[in-house]
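[1] no sequence on hand, only this structure:
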């Protein structure tokens with residue numbers, strides 16, 4: 001009996017630990033189609049049991065912003081007005097047509113039972129994807145933390161991204 005217990009302990013120790021694969025995604029674009037691609041990849045990786053980190057910088061911050069005005073200085077308010085809006089205001093990188101392209105793609109996606117961009121972002125969050133805002137971009141564009149969605153894990157610097165990328169099995173820039 002004692003020998004069986006020893007053998008079980010040896011077998012338990014002999015099994016290698018399965019390390020979760022990691023992916024880091026830099027979200028630089030705020031274009032509808034590019035945000036959609038980033039979140040499809042993130043949800044696919046998370047559904048495949050991978051740890052996923054998304055670092056949103058510059059125009060990619062749109063995916064994390066609430067639909068509120070931002071900016072205190074003249075230039076900050078101008079950027080807030082010109083580029084303002086949240087994930088729902090993302091236009092396609094081609095064929096935007098002043099909002100018509102966004103409307104058309106939303107209609108086409110709905111008719112094919114494809115999740116909307118906000119739904120896809122929520123699915124990613126529900127699957128445990130960690131989303132981060134680039135603090136420097138937020139400072140430059142005068143986007144305060146309180147204007148971001150509550151699910152933002154943190155607002156961090158490039159050092160954090162580099163650390164995540166070094167630990168990742170692959171990194172994507174979208």
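    Arrived safely. What you are looking at is a predicted structure, and each value in this text was computed from that prediction instead of being measured.
[2] check contacts around residue 130.
    With contact set as C-beta atoms under 8 Å, 6 or more residues apart in numbering, residue 130 has these partners: 51-54, 153. In this view, the C-beta of every residue, glycine as well, is placed from N, C-alpha and C.
[3] nearest to residue 36 among these?
    residue 54 (13.3 Å; C-beta to C-beta).
[4] phi, psi of that closest one?
    Residue 54 has phi and psi values of phi -120, psi 120 when expressed as degrees, to the nearest 10.
[5] quick revisit: let's have the contacts of residue 130 in a markdown table, adding pLDDT.
    Below are the contacts of residue 130 laid out as a markdown table (pLDDT from 0 to 100):
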| residue | pLDDT |
| --- | --- |
| 51 | 98 |
| 52 | 98 |
| 53 | 98 |
| 54 | 98 |
| 153 | 97 |
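[6] give me the mean pLDDT for stretch 154-164.
    Stretch 154-164 comes out with an average pLDDT of 97.
[7] residues of it that come out buried?
    For stretch 154-164, a neighbour-count test (16 or more other C-beta atoms under 10 Å) marks 155-156, 160-161, 164 as buried.
[8] and those, which two are furthest apart?
    155 and 164 (14.4 Å).
[9] now residue 76: which helix or strand?
    Taking DSSP states H and E as the definition, residue 76 sits inside helix 74-82.
[10] what does whichever helix or strand comes after that helix rub up against?
    Sequence-wise, the next helix or strand downstream of helix 74-82 (DSSP H and E) is helix 100-111. Contact with helix 100-111 is made by 32-33, 89-92, 94-96, 115-116, as judged by C-beta under 8 Å, 6+ apart.
[11] quick check: residue 89 touching residue 67?
    Yes - the pair residue 89 / residue 67 is scored as a contact, 7.3 Å apart, by C-beta atoms under 8 Å.
[12] which of these two has more neighbours?
    residue 89 (15 against 11; other C-beta atoms under 10 Å).
[13] report the beta-bridge partner residues of the residue nearest the centre of the chain.
    Nearest residue to the geometric centre of the chain (C-alpha atoms, centre = their mean): residue 54, 4.1 Å. Bridge pairing for residue 54 (DSSP bridges) gives the partners residue 25, residue 131.
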